[in-house]
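Trainee: Next input, structure requested:
(2 chains)
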Amino acid sequence: KQEVTQIPAALSVPEGENLVLNCSFTDSAIYNLQWFRQDPGKGLTSLLLIQSSQREQTSGRLNASLDKSSGRSTLYIAASQPGDSATYLCAVGFKTIFGAGTRLFVKA
Amino acid sequence: NAGVTQTPKFQVLKTGQSMTLQCAQDMNHNSMYWYRQDPGMGLRLIYYSASEGTTDKGEVPNGYNVSRLNKREFSLRLESAAPSQTSVYFCASSDFIWQPQHFGDGTRLSIL
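Mentor: Got it, this is the predicted structure:
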């Protein structure tokens, strides 16, 4: 059974810092991997999707990488801003299995 | 641009009552999904519909039924609600199952 783990569970950083969020999965035979953000009381917003044949995707200050052989993905956020404060979730496969998320707080 | 619309936003039920959660998307997407989100358990897939006319079970389908009414609408039914089904329910859609998913704002359901 696929299991998805996100480390750390929570993270507090000063504004401007570059940071990395981690996602690991137990079954490397994944279809794709998505990164989402969730603001309190809201639904999820898709940030990046990496297909199984891809190694990374970039959107603005965000870069996501995928290493299927090691069962890992990272989300890199450059020059963090207070508006980046949210919970970040990774999910694998089209029968989407989610990690528990990383709660990020960026201090002004 | 409404995206994914869920109704109702809040609902309180008594144990044993039935309820249908509605979801509609206006993006002409082929695939739709229902999730529940619980503290400590994260988001879990209940059912999904890869295309109009098809539905498949996700991770936690027991106690739920779904209907893909047409391409726009995907409903989730609780036939006999139980306290364990107290949760926040999210509907999502994507162009195809391998494409990014777009989420609604959720339905907060309490079962007493």
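Trainee: Just say helix, strand or coil for the most centrally placed residue in chain B.
Mentor: Residue closest to the average C-alpha location in chain B (CA atoms, centre = their mean): residue B:34, at 3.0 Å. Recorded secondary structure, residue B:34: strand (DSSP: H, G, I helix; E, B strand; the rest coil).
Trainee: If it is in a bridge, with which residues?
Mentor: Judged by DSSP bridges, the bridge partners of residue B:34 are residue B:47, residue B:91.
Trainee: which residues of the chain fall in strands?
Mentor: If you meant another chain, say so; for now it's chain A. Using DSSP state E, the strands of chain A run over A:4-7, A:10-14, A:19-25, A:32-38, A:44-51, A:56-59, A:62-67, A:72-77, A:86-92, A:97-98, A:102-107.
Trainee: not what I meant, chain B
Mentor: Under DSSP E, chain B gives strands at B:4-7, B:10-13, B:19-25, B:31-38, B:42-49, B:56-57, B:64-68, B:74-78, B:87-94, B:102-103, B:107-111.
Trainee: export the ones you listed to CSV and tack on distance to residue A:63 and mean pLDDT?
Mentor: C-beta coordinates here come from the backbone N, C-alpha and C atoms, glycine included. Formatted as CSV, the strands of chain B follow (distance: least, CB to CB, whole Å; pLDDT from 0 to 100):
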stretch, distance to residue A:63, mean pLDDT
strand B:4-7, 27, 96
strand B:10-13, 38, 96
strand B:19-25, 29, 97
strand B:31-38, 26, 96
strand B:42-49, 23, 94
strand B:56-57, 33, 96
strand B:64-68, 36, 97
strand B:74-78, 33, 97
strand B:87-94, 22, 97
strand B:102-103, 22, 95
strand B:107-111, 34, 97
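Trainee: ok, the residue of chain B with the smallest separation from chain A - contacts?
Mentor: Per CB to the nearest CB, residue B:103 is where chain B lies closest to chain A, at 3.5 Å. Residue B:103 makes contact with A:36, A:43, A:44, A:45, A:46, B:4, B:90, B:91, B:92 under the criterion CB atoms under 8 Å, 6 or more residues apart in numbering or on different chains.
Trainee: What's the PyMOL line that selects buried ones from the residues you listed?
Mentor: Here is the PyMOL command that selects the buried residues among those (16 or more other CB atoms under 10 Å in any protein chain shown):
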select buried, (chain A and resi 36+43+44+46) or (chain B and resi 4+90+91+92)
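Trainee: List the contacts of the closest residue to chain B within chain A.
Mentor: Nearest residue of chain A to chain B: residue A:43, at 3.5 Å (CB to the nearest CB). By CB under 8 Å, 6+ apart, the residues touching residue A:43 are B:4, B:90, B:92, B:103, B:104, B:105, B:106.
Trainee: Chain B contacts on chain A?
Mentor: Residues of chain A lying near chain B by CB under 8 Å from any CB of the partner chain: A:31-32, A:34, A:36, A:42-46, A:49, A:51, A:89, A:91, A:94-101.
Trainee: Quick check: buried residues in stretch B:104-112?
Mentor: Quick answer for stretch B:104-112 (16+ other CB under 10 Å): B:104, B:105, B:106, B:107, B:108, B:109, B:111.
Trainee: hang on, the first one packs against residue B:89?
Mentor: No - in terms of CB atoms under 8 Å, residue B:104 does not count as a neighbour of residue B:89; the distance is 9.1 Å.
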